[in-house]
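Q: sequence and computational prediction follow.
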There are 2 protein chains.
Amino acid sequence: MRIPILKLYQYLIISIQWELDDQTALEFQEDLLNKLHETGANGVLIDLTSIDFIDSFIAKVLGDVIKMANLMGAKVVITGIQPAVAITLVELGVHMENVITALDLEKGIKNLQIELGENPWESSSPV
Amino acid sequence: MRIPILKLYQYLIISIQWELDDQTALEFQEDLLNKLHETGANGVLIDLTSIDFIDSFIAKVLGDVIKMANLMGAKVVITGIQPAVAITLVELGVHMENVITALDLEKGIKNLQIELGENPWESSSPV
C-alpha cells in the first residue's frame, strides 16, 4: 500500500499517519518525485502530525526527498513535527535548511503561500 | 495500513488511491466517523480519481459511510468517479441522493462551499 499524494491547486499534500517501513518510504520518495514531474506542482506539504517516532532510515529518506524536491523546483513544508521527531532529525543531522515548518496544515499552506508569493486560496477564518 | 484522513480548515479530505480490501474499507468507515466526531468538520471530500474498479462490498461501505456522515451533519462530496465506478454504483443501487459529485478535488471544494454557503478559501486561479 502506497501513501496517497493529494494534488490541490498547485500543491501536493501528503499526510503520513503511520510509521513507515523502509519499502513504503522509498516508494513514497519515488511517487512524490514522479507526481511533482507530472503535475508541475510548486509546493509540497508533508504532514507528520500523527507520527511520534521516526527511525534513522526514514529520517534520511525524508531529508533526501526534501533535497530532491528542491532540486526539481518545489518548496517543501513539513507540518506537525512532534518533539521526539524533532530530536531525531536534529540528532541524525538531517538537513532541513530549505524547509519551511509549521504547526499544522493550515499554517503550512499559509507559509507556503508567503514563501512562493502567491495566493491560490485566500483563507478567511473557518466558520 | 489505514487510509489517511486529512483535515483542512473545516473539511476532511480523503484520497483513495488503491483498491480497498474489505477490512481497510471498514476501518476507513470507522476512522472517518470518529474523525468527524473529534473535529466537528462539516464537509467531507472523498476523491476516487485513482480508482477504476469498485466491488459490491466496497460500494456498499461507501454508500453507508455517506449516509452515516450525513446523519452526523456533514455534507459529502465524491470527486473523480470514473466510468466503471459510476456504472457499478448505479447497478448496485448505492444511494447517492445526498451526495455532491465533482470532476476533481478543486471543483469538489467549490461545490461544497456553495452547498454549505461558506467560503473558508477564496480560490483564485492557480498561478
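A: Yes, it's here.
Q: which residues touch residue A:33?
A: A:65, A:68-69, A:72 (Cβ atoms under 8 Å, 6 or more residues apart in numbering or on different chains). Backbone N, C-alpha and C define where each C-beta goes, glycine included.
Q: now list the buried members of these.
A: A:65, A:68-69 (16 or more other Cβ atoms under 10 Å in any protein chain shown).
Q: burial count for residue A:23?
A: A total of 9 residues lie near residue A:23 under the criterion other Cβ atoms under 10 Å in any protein chain shown.
Q: tell me the SS of it?
A: helix (DSSP: H, G, I helix; E, B strand; the rest coil).
Q: any idea how far it lies from chain B?
A: 12 Å (Cβ to the nearest Cβ, to the nearest Å).
Q: repeat for residue A:22
A: Distance from residue A:22 to chain B, by Cβ to the nearest Cβ: 14 Å.
Q: that residue and residue A:57 touch, don't they?
A: Yes. Counting by Cβ atoms under 8 Å, residue A:57 is a contact partner of residue A:22 at 5.4 Å.
Q: those two: which is more packed in?
A: residue A:57 (14 against 11).
Q: ok, the residue nearest the centre of chain A - contacts?
A: Centroid check for chain A by Cα atoms, centre = their mean gives residue A:46 as the closest residue, at 2.4 Å. Residues in contact with residue A:46, defined by Cβ under 8 Å, 6+ apart, are A:14, A:16, A:62, A:76-79.
Q: how does it look with 7 Å?
A: A:14, A:16, A:76, A:78 (Cβ atoms under 7 Å, 6 or more residues apart in numbering or on different chains).
Q: now do residue A:13
A: Counting by Cβ under 7 Å, 6+ apart, residue A:13 has contacts A:6, A:45, B:6.
Q: and the residues you listed, which is closest to residue A:103?
A: The shortest approach to residue A:103 among the contacts of residue A:13 belongs to residue A:45, at 12.6 Å (Cβ to Cβ).
Q: any idea how many residues pack against residue A:117?
A: If you count neighbours by other Cβ under 10 Å, residue A:117 ends up with 7.
Q: pLDDT value on the residue nearest to the centre of chain A, please?
A: According to the prediction, residue A:46 has pLDDT 95.
Q: assign it to helix, strand or coil.
A: From three-state DSSP, the assignment for residue A:46 is strand.
Q: could you check how far it is from chain B?
A: Taking Cβ to the nearest Cβ, one finds residue A:46 at 11 Å from chain B.
Q: how about that residue: which residues does it bridge to?
A: residue A:14, residue A:78 (DSSP bridges).
Q: gap between it and residue B:56?
A: Residue A:46 is 36 Å from residue B:56, where distance means Cβ to Cβ, to the nearest Å.
Q: contacts only, for residue A:68.
A: residue A:33.
Q: from memory residue A:70 sits against residue A:98, does it?
A: Yes. Counting by Cβ atoms under 7 Å, residue A:70 touches residue A:98, with 5.0 Å between them.
Q: which one's more surrounded, these two?
A: residue A:70 (15 against 12).
Q: the more buried one sits in which helix or strand?
A: Using DSSP states H and E, residue A:70 falls within helix A:56-71.
Q: so residue A:115 makes contact with residue A:101?
A: No. Using Cβ under 7 Å, residue A:115 is not in contact with residue A:101; the gap is 11.5 Å.
Q: between those two, which one's more packed in?
A: Between residue A:115 and residue A:101, counted using other Cβ under 10 Å, the more crowded position is residue A:101 (16 against 12).
Q: which regions of chain A sit below the pLDDT cut-off?
A: Applying pLDDT under 70 to chain A flags residues A:119-127.
Q: what about the strands in chain A?
A: For chain A, the strands defined by DSSP state E cover A:6-8, A:11-15, A:43-47, A:75-79, A:99-102, A:121-123.
Q: with distance to residue B:106 added, can I get these in CSV?
A: Output for the strands of chain A, formatted as CSV (distance: least, Cβ to Cβ, whole Å):
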stretch, distance to residue B:106
strand A:6-8, 7
strand A:11-15, 11
strand A:43-47, 15
strand A:75-79, 19
strand A:99-102, 22
strand A:121-123, 10
